[in-house]
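In: Here is the input, now give the coordinates:
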Amino acid sequence: MIHIGQLIEAELHRQERSVTWFAKKLYCDRTNIYSIFKRQSIDTDLLMRICHILNCNFFGYYSAEIQQKVPFIAKQNESDINEKESIM
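Out: Below is the predicted model of the structure:
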């Protein structure tokens, strides 16, 4: 299972950015940033803002997990796309 808060924290450290810098970019207090780091799940709008600020696609982690756990979904989506393209 993905722990999105830990992934965000790791990316922030990888970029050598401070919690204060991140809080200013998100327009919140540092305490809120530490709260985000503890979260296993997160609101998609907030995650989108974080993706833009850190220039990192955190949604890709969820995509990869879905494909690993339910590979037939990826194949089903691919066949649906191919079917739609053949109709057009």
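
In: which residues touch the residue nearest the centre of the chain?
Out: Closest residue to the average C-alpha location of the chain: Phe58 at 2.3 Å, with Cα atoms, centre = their mean. Applying Cβ atoms under 8 Å, 6 or more residues apart in numbering, we find Phe58 in contact with Ile4, Leu7, Ile8, Glu11, Leu47, Ile50, Cys51. In short, each C-beta sits where N, CA and C put it, glycine included.

In: let's go with 7 Å and repeat that
Out: If you count contacts by Cβ atoms under 7 Å, 6 or more residues apart in numbering, Phe58 has them with Ile4, Leu7, Ile8, Leu47, Ile50, Cys51.

In: Check Arg49 too.
Out: Contacts of Arg49 (Cβ under 7 Å, 6+ apart): Leu26.

In: any idea which element it lies in?
Out: Here Arg49 sits within helix 44-54, counting by DSSP states H and E.

In: Buried residues, that helix. List them.
Out: Leu47, Ile50, Cys51, Ile53, Leu54 (16 or more other Cβ atoms under 10 Å).

In: Name the nearest residue to the first one, ignoring sequence neighbours.
Out: Excluding the flanking residues, the one nearest Leu47 by Cβ to Cβ, 6 or more residues apart in numbering is Phe58, at 5.7 Å.

In: Could I get the full set of helices for the chain?
Out: For the chain, the helices defined by DSSP state H occupy 4-14, 19-26, 30-38, 44-54, 59-69, 71-87.

In: got TSV for those, with mean pLDDT too?
Out: Formatted as TSV, the helices of the chain follow (pLDDT from 0 to 100):
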stretch	mean pLDDT
helix 4-14	98
helix 19-26	98
helix 30-38	98
helix 44-54	98
helix 59-69	85
helix 71-87	59
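
In: ok, of the buried residues of helix 44-54, which one's closest to Lys24?
Out: Nearest to Lys24 among the buried residues of helix 44-54: Ile53, at 9.9 Å, using Cβ to Cβ.

In: Relative to Leu12, how far out is the closest residue in space to that closest one that isn't next to it in sequence?
Out: Once flanking residues are discounted, Ile53 sits nearest to Lys25: 4.6 Å by Cβ to Cβ, 6+ apart. Distance, Lys25 to Leu12, using Cβ to Cβ, to the nearest Å: 10 Å.
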